[in-house]
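Coordinates for the following, if possible.
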Amino acid sequence: MHLLDGNTFSGKIPAFIGNWTKLVRLDMQGSSMEGLIPSTISLLTKLTDLRITDLKGSPMDFPNLQNLMEMDKLVLRNCSITDSIPDYIGEMTSLKILDLSFNRLMGQVPDTMGSLPHLECLFLTNNLLSGTIPSWISDSNDKLVLWCLKKDLPCPRNAKRKVLRNCSVTDSIPDYIGEMTSLKTLCF
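The predicted structure follows:
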């Protein structure tokens, strides 16, 4: 296990991380790292937990994680990713937590993500996502905790637990909140 979490490391994430092929968890949160996520990350096929946050530097495409199908937790928060969410995320069938918040992700949430049987938490806050919210989100069971996708994009109303952040809630609580009759947990 490699935890590079909350340290004073700085500079670019080195390409040699691809040599750590037995790694199951890589945690690089709250460091002073910068630049792109190296393409060699695709060699870490045993990873079940990848957490990279707060990368400074130029915008980047979504890193190639297509070979990392054992993912349980995937956190790429605030990494300046300016791309769409790849369809293959929906093939990571062990995924429980997906946090892609605070990037510049564009396009729609892929329908392929609707087939993730173990997904419990989905964080897509503060991106540039567009389109309608897929029915697999709006009709989600009470296990899925959802942060809304984009300011002014309507939040789904049927699920039992919601964390409504950045969802056009400005001066007062909107009337549609009163229509959420199945709601068990609500956070603003």
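
Would you map the strands across this protein?
Using DSSP state E, the strands of the chain run over 2-3, 10-12, 25-28, 32-34, 49-53, 73-77, 97-99, 106-107, 121-123, 128-129, 145-146, 161-163, 185-187.

So for stretch 23-34, what gets flagged as buried?
Neighbour counts over stretch 23-34 (16 or more other Cβ atoms under 10 Å) mark Leu23, Leu26, Asp27, Met28, Gln29, Ser31, Met33 as buried. Placement of C-beta: from N, CA and C, glycine included.

From start to finish, how long is it in a straight line?
21 Å (Cα to Cα, to the nearest Å).

Run through this structure and note the low-pLDDT ranges.
Applying pLDDT under 70 to the chain flags residues 1-8, 138-188.

just to revisit the earlier point, including distance to His118, could the buried residues of stretch 23-34 go into JSON lines?
Shown next, in JSON lines, are the buried residues of stretch 23-34 (distance: Cβ to Cβ, whole Å):
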{"residue": "Leu23", "distance to His118": "22"}
{"residue": "Leu26", "distance to His118": "20"}
{"residue": "Asp27", "distance to His118": "20"}
{"residue": "Met28", "distance to His118": "24"}
{"residue": "Gln29", "distance to His118": "22"}
{"residue": "Ser31", "distance to His118": "29"}
{"residue": "Met33", "distance to His118": "29"}
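
CA atoms only for stretch 90-107 - export them in CSV, please.
The C-alpha coordinates for stretch 90-107 follow below in CSV (Å, rounded to 0.1, in the frame of the first residue of the first chain):
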residue,chain,number,x,y,z
GLY,A,90,-19.6,1.6,-16.3
GLU,A,91,-17.6,-1.6,-16.6
MET,A,92,-15.9,-1.2,-13.2
THR,A,93,-18.5,-3.4,-11.6
SER,A,94,-16.9,-3.4,-8.1
LEU,A,95,-17.1,0.4,-7.9
LYS,A,96,-18.7,1.6,-4.6
ILE,A,97,-17.4,5.2,-4.5
LEU,A,98,-16.9,7.4,-7.6
ASP,A,99,-15.8,11.0,-7.0
LEU,A,100,-15.1,13.1,-10.0
SER,A,101,-16.1,16.4,-8.5
PHE,A,102,-14.5,19.8,-9.0
ASN,A,103,-13.1,19.1,-12.5
ARG,A,104,-14.3,20.4,-15.8
LEU,A,105,-15.9,17.3,-17.1
MET,A,106,-18.2,17.9,-20.0
GLY,A,107,-21.0,16.0,-21.8
